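[1] Predicted coordinates and the sequence they were generated for:
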Amino acid sequence: MLIFHLGGVQASIFSLLIIIALILAFVMLGSHWIKNHILAFAAESWVIAALSLAIGITGHYPELIFIAALTALFRGTLLPYLLVRIVNGLGQNREFTPLLQPASSIVLGGFLVLFSYAVAEKLGVRMNLVDNIAVLALTAMFALKLIGFLMLVLRAEAVSSILGLLVIENGIFLGSQILVPGMPLLLEMVILFDLLIIVSTFGMLIRYLHKEVGSTSSRALTRLVG
């Protein structure tokens, strides 16, 4: 749980950062262009880094200041750079065959946020969460996970699938910063390293897929070969 008391100004700043992170997820849902998705993910990661920094300073968690720097470096800079390199190498910057158009995806995302709020509010009552910021963090965590899962379902391009996984992970990370800010530094570093390995591995698989199949869309994969 949130283990330090927040003043009015601090709670407002935290709430603003959480809401901005959530809005940036909708930017990904509302665009066909993959580079827009990557830029929105990079901006979302920087916002979460700013949130970690603010919590570290306010709650006197020096390790969170270090984690904020790593988050900005890895999630906000290095991972988007690797994804942009993959997109440039493929010469494919548009999602051509989504199951839903961007406007419909945004509406569906809005319903997922409402569902997340309903779940977070009930959990807040059961867990005696007295701070609204804790309920908001739970809402954002559930909503980002569901929006990331929605991207995995609706988008066909492999890079969009990677971004869906990263959005899910961003949701978990954002929630942990507010609800359990004292997580071990080593655990956070392992998660960041895992993300780097995931993106690098997927990048190699996507290039192989493009070379062998001529497409990076999951719609082109109609059979499995053992």
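    Yes, it's here.
[2] can you list the weak-confidence ranges in the chain?
    1-6, 96-97, 130, 182-185, 213, 218-226 (pLDDT under 70).
[3] So which residues of the protein form strands?
    Applying DSSP state E to the chain gives no strands.
[4] can you give me the helices in this structure?
    Applying DSSP state H to the chain gives helices spanning 8-29, 34-58, 62-73, 79-90, 102-126, 132-154, 158-179, 185-213.
[5] who touches the first one?
    Contacts of helix 8-29 with the rest of the structure, by Cβ atoms under 8 Å, 6 or more residues apart in numbering, involve 6, 36-37, 40-41, 43-44, 47-48, 50-51, 54-55, 58, 102, 105-106, 109, 113, 131-133, 136-137, 140, 143-144, 147-148, 150-151, 163, 167, 170, 174, 178. (Each C-beta comes from the backbone N, C-alpha and C, glycine too.)
[6] quick revisit: dump the helices of the chain to a markdown table, plus mean neighbour count.
    Below are those laid out as a markdown table (neighbours: other Cβ atoms under 10 Å):
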| stretch | mean neighbour count |
| --- | --- |
| helix 8-29 | 18 |
| helix 34-58 | 22 |
| helix 62-73 | 18 |
| helix 79-90 | 18 |
| helix 102-126 | 15 |
| helix 132-154 | 21 |
| helix 158-179 | 22 |
| helix 185-213 | 14 |
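[7] And for the residue most central in space within the chain, nearest residue in space, chain neighbours not counted?
    The centre of the chain sits closest to Val167, judged by Cα atoms, centre = their mean, with a distance of 2.3 Å. Leaving out its chain neighbours, the residue that sits closest to Val167 by Cβ to Cβ, 6 or more residues apart in numbering is Gly148, at 3.5 Å.
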